[in-house]
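S.K.: no FASTA, just this:
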């Protein structure tokens, strides 16, 4: 089971620093997914990964240029990863993680009924405690399935932030608001964003989270843009969720949803666009300046689009414009899982089918979306998404012993087309092991499930006839 | 984690037979997927499943009509399945299982290059021993992922049959031939089919396996039809693999591929159609008589179709005509896995997207395809596909402890949209436990992988310039 990737030369610069004492964590024997300077992806067998103070200190060949074995540096903990692949942890670029509580509660219905008859009436029932508990379940799922960073867009965000801190995940968190919330909407989102940024030892970054171009008016979007730039904050917003939204937006406002982002000043700052399915060629000049400065990205959740019969994010179009497209799951009420690996594989299938071109997207390109492009989309380029010195130590280990992934002819193809997140046995964030040998170390799943069960009838009650919004995009 | 399905009354008729001595295997505490008389699917909590001589003897409520606990009958082995779902094992209605050896070796290329530049040149390299070894790996994958029956269509079928016997699986096996093989093609396929039928204690049934309507001429198809009817054999054949094949077939022969099956007499016997993507409304009258007599079915592998940018099997059209559509994976060289659960979920997504109707197919309908319709497609209706007295005891246990599947609002939706084959922890065929607590009992995976590794370079060598066929459908 060794030797399933080509050997590679050391990436280890700077090398380890013995004068600093033992490293915090050393991983030996792994085949490491690495990025060359141009961003290209390859695999290097038998690497030594050294982690100190939450950061990758070095990635070293276990055999030096002269053919001699390199001894791993002293460390407080060493993980033997022979036969395993070390990859950057997955980044979920758009989710509503507490919605795991509604997983499977609204299936096989049209999109408008999904919103108006199920989700938005059920969301009326939420308490702070419900959100906290559901986020804990979501955190367990993410850690189990290799997600190390999640960009969340929801209500009761203080509780989500607290669970992010408690469970060891990295979060890019934004508190949702609508124009129906009035001025208070932006105020609370801004208050959350400025209070929590940099919390959880730096693992929490924040965003303003206006719901969508169709649930906020231009004045509120413009106020959001001003606040975001004043406070140097990302804006995370649903836009162009389908081609029909683009058509409706043109009819109602004379502009595409991206045109609305542009007109209201949001594209002058940093923007994370959820879905972007309805982005059209005329939007590209509006996105280009922000793309050139690394200020815009899209989060795409292709499994849910397929399930709902939607079109999908125009990845090829966005690639041509230099807009990074990160992977996402949306909420589990539509996507059913928070499994970003699954999103990666679905992006492959859906893109091939949509473009009627089996040569588009290659396995390595999908791994680029999962790593470099996802990090860029959530404004963490250079921080996470690579196993390389200086990056935060967010890493997963993938065990290739399941017969479903053997033999390995081409490791990238194996990872995209036959492996899945269940093959992950170790999840590390900021150098902290959150899952070891498939055992979660920071969440008691059985306890959370037991606590959630008696709440389900109340959470899914729709007899009150109320709704948090009406979907008419 | 209990109580995720509605309670149900006993299906246990006939009840257990204490005079026969202890049962072979009793499973307690499971929530059982059951079929009512009309074939509708529901779930019954806290059931006792009794297995004797490879057959389900009884399925009993653990609480009787008076509210008293029912003691499980004495058994040589008892499995505590509290918190788990018992489902019929999956049936792979069309595969080429040894092709796992080429998994990931031909990715991101067009379909014609996939055949002509990769698969068919590589298949020139196969030896009997390669096929045997690869089938052992495939068997491990199938058992690990809950497939209990597979309909195989390949070369060196003696070796595949031997591995079926050795590993405990149930197989519907047919030896492939082309018109380029001459008369010997049908002869060897018939010789295999008559020699192996009923082997492996009855777990092996057989089929004639002409490759396709476009690689056999009408005379050879007609000879196949006559031989099949003379020997009461199923014919397993690729037909209407895409809409373009239907167009080409009309151009070349004046008939659709289904028209060819009809004209050559194949629809007068029992036929398993692989793919059937290009089946059109004018084919339905040709299929109807065979459908009414339960003699025809289709095996559909939707993941691979999506990946290759193909259309998909017209399930709705076939449902209207009463033709069962079973689930399949095709070979792992295109589908990358032999995971029929994955095929079930992909059928949901692809059907919703293709029909642009989120209300088509509901979760229960997919479970019907996975059980009743798949069994019918491979001519095992009434034999496998249900957990009910008299059916062969092919069963899987699904563990719902992964946070990805919690909470459970609706068990059918959970199984289709968030659970996956990795949640299976037990696989039983004919009452024999082949996987217990996720440990395989009849295949040494590491040994097989080690033995396969040195063969990969030879297996994927294409420098000889030869090919087993040329694809031009």
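M.R.: Yep, that arrived. Note that the structure is a prediction, hence the values are computed from the model and not measured.

S.K.: so what's residue A:290 up against?
M.R.: A:267-268, A:270-271, A:296 (CB atoms under 8 Å, 6 or more residues apart in numbering or on different chains). Where C-beta positions appear, they are placed from N, C-alpha and C, glycine not excepted.

S.K.: count of neighbours near the nearest residue to residue A:297 once chain neighbours are set aside?
M.R.: Using CB to CB, 6 or more residues apart in numbering or on different chains and skipping the chain neighbours, the partner closest in space to residue A:297 is residue A:377 (2.8 Å). Residue A:377: 33 surrounding residues under other CB atoms under 10 Å in any protein chain shown.

S.K.: What of residue A:360?
M.R.: By other CB under 10 Å, neighbour count at residue A:360 equals 17.

S.K.: Stretch A:463-473 and chain B, any residue contact?
M.R.: No: using CB under 8 Å from any CB of the partner chain, we find that stretch A:463-473 stays clear of chain B, coming within 14.2 Å at best.

S.K.: Any idea how far that stretch is from the middle of the chain?
M.R.: 28 Å (CA atoms, centre = their mean, to the nearest Å).

S.K.: just to revisit the earlier point, quick check, nearest of the contacts of residue A:290 to residue A:437?
M.R.: Nearest to residue A:437 among the contacts of residue A:290, counting by CB to CB, is residue A:270 at 38.6 Å.

S.K.: Dump the contacts of residue A:290 into CSV; add secondary structure, pLDDT and neighbour count as well.
M.R.: Shown next, in CSV, are the contacts of residue A:290 (DSSP: H, G, I helix; E, B strand; the rest coil; pLDDT from 0 to 100; neighbours: other CB atoms under 10 Å in any protein chain shown):
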residue, secondary structure, pLDDT, neighbour count
A:267, helix, 98, 25
A:268, helix, 98, 16
A:270, strand, 98, 23
A:271, strand, 98, 26
A:296, strand, 98, 31
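
S.K.: Among the residues you listed, give me the pair with the biggest separation.
M.R.: Using CB to CB, the contacts of residue A:290 reach their maximum pairwise distance at A:268 and A:296, which is 10.5 Å.

S.K.: doesn't residue A:271 make contact with the residue nearest to residue A:297?
M.R.: No: counting by CB atoms under 8 Å, residue A:377 stays clear of residue A:271, with 9.9 Å between them.

S.K.: anything in contact with each of the two?
M.R.: residue A:297.

S.K.: Could you tell me the model confidence score at the residue nearest to residue A:297?
M.R.: What the model reports as pLDDT for residue A:377 is 98.

S.K.: For it, list the residues it contacts.
M.R.: A:91, A:93, A:272, A:297-299, A:324-326.

S.K.: How much space separates it from residue A:384?
M.R.: Using CB to CB, to the nearest Å, we find residue A:377 at a distance of 12 Å from residue A:384.

S.K.: what do these two both touch?
M.R.: Contacts common to residue A:377 and residue A:384, judged by CB under 8 Å, 6+ apart, are residue A:91.

S.K.: could the contacts of residue A:377 go into JSON lines alongside pLDDT, secondary structure and neighbour count?
M.R.: Listed next are the contacts of residue A:377 as JSON lines, based on pLDDT from 0 to 100; DSSP: H, G, I helix; E, B strand; the rest coil; neighbours: other CB atoms under 10 Å in any protein chain shown:
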{"residue": "A:91", "pLDDT": "98", "secondary structure": "strand", "neighbour count": "30"}
{"residue": "A:93", "pLDDT": "98", "secondary structure": "strand", "neighbour count": "33"}
{"residue": "A:272", "pLDDT": "98", "secondary structure": "strand", "neighbour count": "29"}
{"residue": "A:297", "pLDDT": "98", "secondary structure": "strand", "neighbour count": "31"}
{"residue": "A:298", "pLDDT": "98", "secondary structure": "strand", "neighbour count": "28"}
{"residue": "A:299", "pLDDT": "98", "secondary structure": "strand", "neighbour count": "30"}
{"residue": "A:324", "pLDDT": "98", "secondary structure": "coil", "neighbour count": "24"}
{"residue": "A:325", "pLDDT": "98", "secondary structure": "strand", "neighbour count": "26"}
{"residue": "A:326", "pLDDT": "98", "secondary structure": "strand", "neighbour count": "29"}
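
S.K.: Let me know the closest of those to residue A:82.
M.R.: Within those, distances to residue A:82 taken as CB to CB reach their minimum at residue A:91, with 26.7 Å.

S.K.: close enough to count as contact, that closest one and residue A:338?
M.R.: No: using CB under 8 Å, residue A:91 is not in contact with residue A:338, being 11.9 Å away.

S.K.: Common neighbours of the two, please.
M.R.: A:147, A:150.

S.K.: Up against chain B, what does the stretch 51-200 of chain A have?
M.R.: Counting by CB under 8 Å from any CB, the stretch 51-200 of chain A sits next to chain B at A:100-105, A:107-111, A:114, A:137-138, A:140-141, A:144-145.

S.K.: just checking, which of those belong to helices?
M.R.: Here DSSP state H is the test, and those give A:111, A:137-138, A:140-141, A:144 as lying in helices.

S.K.: returning to what we had before: quick check: the farthest pair among the contacts of residue A:377?
M.R.: A:91 and A:298 (13.0 Å).

S.K.: All good on my end, thank you.
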